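**Q** build me a model:
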Amino acid sequence: MAHDILRSRANRRRILALGGAGALTALAGACSGGASSQPTTPSTNASTSAGSSSAPATKAAPQATGTTTIEYWTFMPTASRFPGRPQLFAPFEQQNNAKIAITEITDLNAMSEKLLAANAAKQVPDLLDPGFTEMAVSWGKAGITVDLSDVVKALGGSDIFYPGWVRDLTCGGKMHGVPYMAPVLILWYRKDIFQEKNIQVPATWDDWLIAADKAAGVDSTTKKQVYSVSGYLSATHAHVMWQNMIGPNNGLTFDQNMKLVVNKNPDTLAAIEFFLKLSKYFQPGAVNANYGDTGNLFASGTLAMTMTSTTEANGIIKAHSDMIPKAATTPIPFGSNSDKKRGAFGDCYSWAVPTASKKVDLSKKFIQWFMTPSTYIQAFKTIDYGHTPVLQSIINDPQFAKIVPAFGVDVVKTGLEAAKIATLPAEDFGPNPLSNLITTTGTWSDFWQRIYNKTDAPQAGLDRLADKINQLIQDNPTQLGC
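**A** Predicted coordinates:
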């Protein structure tokens, strides 16, 4: 593991060397990790996907005289995940004599590096939708993006949204993003295997271990080897695994005063000890997997249970329809110390607008237009099925059930149940921009890999983790808390 530690240290030096805005960085990896949908024809107004260099994204060619171009950076590919995006945007473009020029930056670390460089060069995009909440809050606290509280007020106030996502995007009394879509983490399970083996749907950790012990084996129908439960410890989603374990057991990283307690909290230690028990049932290769990998394994019939996003529904509906009668969902189980007021990882995508944009007002107008319920619901026609709406009115809108297949609607309802108590890593008592750095420096993945490989015992691992987070606090004091 020495080379992994050195790599994490090297990554940390690279991230801190970015300078500006409190050494701001972004989370690496896509938030929505479900099985990918079938490719579709690329959109005509999507630009070439950006690479991983830190140079500002190339500006699109000027549009017709009199047309205002909104430069839009998104982590979500249009062709494969949101093919209806250009058609959805068309009315706004026509009404405002505008053109929305899309740049796809699927590497989220690259998006942050590009934004930092663009901000320094005063050549920023006008609109962003980062894949993780932590990114938007970090950018906003650093002054790179504007307060969007006025947009939320114009839409009808924060009460139109599910409260968790508003909370997670509010820092220092400002809204650093407007909630957009949510891929909530839930537990997917093979109900056919559970019925065949008389396994109880797990609601507690004890149930989960029993289910894991019984679920593995050869699928009686497909004759495939089935592993019990997903494990993913790569840097891409190690932070998700962290919160999936400690959140449902009332574990803490920081206390309500933003004091680091990660190695002093008994509920956190109990969660790590449970992880070791559960990890015996992970699929091979867990140390290098992300939750998209394990979602794909579930969809193809190789896993009996997977902790993954609601957007797993997309790949099942579009590419593995044979799994629809076999798959079911439930919130990720609670630990024995849980008061059931905090749960597993739950995140949302959000809109953000750079402060240095010359089109701040028009970009705000676009966000308000997109998030108006009558427009917003149309997005579900072509975006990945399983995305959880952030507006409270949508789930009960009859149009939603006409747009999203019944299987997807059921999954979304599980996601909304889980979202009520969903949590983010290092944000147990509200937004904490430092959480972004903890993730991007590989701190969570280094911790989990040492625990999984038994290089560290749980308490020793937590002590090491505390030392690394304390160093990040010393290097980036302005990023701690709001």
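**Q** strands along the stretch 1-150 of the chain, start to end?
**A** 68-74, 98-104, 127-129 (DSSP state E, counting those that start in this stretch).
**Q** and the stretch 201-350 of the chain, by the same measure?
**A** 217-218, 225-229, 303-309, 327-330, 349-351.
**Q** single out the most deeply packed of those.
**A** strand 303-309 (a mean of 29; mean count of other CB atoms under 10 Å). (Glycine included, C-beta is placed from N, CA and C.)
**Q** turn the strands of the stretch 201-350 of the chain into CSV, including distance to residue 66 and mean pLDDT.
**A** Shown next, in CSV, are the strands of the stretch 201-350 of the chain (distance: least, CB to CB, whole Å; pLDDT from 0 to 100):
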stretch, distance to residue 66, mean pLDDT
strand 217-218, 66, 92
strand 225-229, 57, 97
strand 303-309, 42, 97
strand 327-330, 50, 98
strand 349-351, 26, 95
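**Q** what comes up buried for the longest helix that the chain contains?
**A** For the chain, the helix with the greatest residue count under DSSP state H is helix 458-475. Neighbour counts over helix 458-475 (16 or more other CB atoms under 10 Å) mark 458, 461, 462, 464, 465, 466, 468, 469, 472, 473 as buried.
**Q** I figured the last one hits residue 433, correct?
**A** It stands for residue 473. No: contact criterion CB atoms under 8 Å: residue 473 and residue 433 do not qualify, at 11.5 Å.
**Q** list residues touching both of those two?
**A** residue 480 (CB atoms under 8 Å, 6 or more residues apart in numbering).
**Q** one step back: and the longest helix of the chain, how far from the chain's centre?
**A** 24 Å (CA atoms, centre = their mean, to the nearest Å).
**Q** kindly format the C-alpha coordinates of that helix as CSV.
**A** Taking Å, rounded to 0.1, in the frame of the first residue of the first chain, the C-alpha atoms of helix 458-475 are listed here in CSV:
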residue,chain,number,x,y,z
PRO,A,458,-10.3,0.1,13.0
GLN,A,459,-9.2,2.4,15.8
ALA,A,460,-5.7,2.8,14.3
GLY,A,461,-7.2,3.5,10.9
LEU,A,462,-9.4,6.2,12.4
ASP,A,463,-6.5,7.7,14.2
ARG,A,464,-4.5,7.9,11.0
LEU,A,465,-7.6,9.3,9.2
ALA,A,466,-7.9,12.0,11.9
ASP,A,467,-4.2,13.0,11.4
LYS,A,468,-4.8,13.4,7.7
ILE,A,469,-7.9,15.5,8.1
ASN,A,470,-6.2,17.7,10.7
GLN,A,471,-3.4,18.4,8.2
LEU,A,472,-6.0,19.4,5.6
ILE,A,473,-7.6,21.8,8.2
GLN,A,474,-4.2,23.3,8.9
ASP,A,475,-3.5,23.8,5.2
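**Q** which secondary structure elements does that helix sit against?
**A** helix 266-279, helix 434-440, helix 443-452 (3 or more CB pairs under 8 Å, 6 or more residues apart in numbering; DSSP states H and E).
**Q** let's see it at 6 Å
**A** helix 266-279, helix 443-452 (3 or more CB pairs under 6 Å, 6 or more residues apart in numbering; DSSP states H and E).
**Q** okay, the strands of the stretch 201-350 of the chain in JSON lines with distance to residue 185 next?
**A** Shown next, in JSON lines, are the strands of the stretch 201-350 of the chain (distance: least, CB to CB, whole Å):
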{"stretch": "strand 217-218", "distance to residue 185": "26"}
{"stretch": "strand 225-229", "distance to residue 185": "14"}
{"stretch": "strand 303-309", "distance to residue 185": "6"}
{"stretch": "strand 327-330", "distance to residue 185": "11"}
{"stretch": "strand 349-351", "distance to residue 185": "14"}
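**Q** still on that earlier bit, redo the helices and strands packed on helix 458-475 as TSV? Include distance to residue 109.
**A** Formatted as TSV, those follow (distance: least, CB to CB, whole Å):
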stretch	distance to residue 109
helix 266-279	26
helix 443-452	14
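**Q** relative to residue 412, which of those is closest?
**A** helix 266-279 (26.3 Å; CB to CB).
**Q** next, the angle from that closest one to strand 303-309.
**A** 140 degrees (axes from the mean of the first three to the mean of the last three CA atoms, to 10 degrees).
**Q** what residues of helix 266-279 count as buried?
**A** In helix 266-279, residues buried by neighbour count (16+ other CB under 10 Å) are 268, 269, 270, 271, 272, 274, 275, 278, 279.
**Q** pretty sure the fifth one contacts residue 458?
**A** I take that to be residue 272. Yes: using CB atoms under 6 Å, residue 272 is in contact with residue 458, at 4.2 Å.
**Q** quick one, domains of this protein?
**A** 26-183+348-404, 185-345+424-479 (automatic domain parsing).
**Q** need the ones you listed in a markdown table with distance to residue 412, can you?
**A** Converted to a markdown table, these look like this (distance: least, CB to CB, whole Å):
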| stretch | distance to residue 412 |
| --- | --- |
| domain 26-183+348-404 | 5 |
| domain 185-345+424-479 | 6 |
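**Q** per-residue confidence at residue 405?
**A** We have a pLDDT of 97 for residue 405.
**Q** next: residue 324.
**A** You'll see residue 324 listed with a pLDDT of 98.
**Q** residues touching it, list them.
**A** residue 407 (CB atoms under 6 Å, 6 or more residues apart in numbering).
**Q** likewise residue 140?
**A** Residue 140 neighbours (CB under 6 Å, 6+ apart): residue 176.
**Q** roughly how far apart are it and residue 172?
**A** To residue 172, residue 140 is 8 Å away according to CB to CB, to the nearest Å.
**Q** ditto for residue 199
**A** Counting by CB to CB, the gap from residue 199 to residue 172 is 47 Å.
**Q** these two: who's more crowded?
**A** Set residue 199 next to residue 172 and count neighbours by other CB atoms under 10 Å: residue 199 wins out with 21 against 13.
**Q** can you tell me the SS state at the more buried one?
**A** coil (DSSP: H, G, I helix; E, B strand; the rest coil).
**Q** residue contacts, it?
**A** 211, 214.
**Q** over to the one 5 residues further on?
**A** Residue 204 sits next to 333, 334 when contact means CB under 6 Å, 6+ apart.
**Q** beta partners for it?
**A** Beta-bridge partners recorded for residue 204 (DSSP bridges): residue 334.
**Q** any idea how far it is from residue 337?
**A** For residue 204 relative to residue 337 (CB to CB), the value is 11 Å.
**Q** ok, residue 151 next?
**A** Residue 151 is 40 Å from residue 337, by CB to CB.
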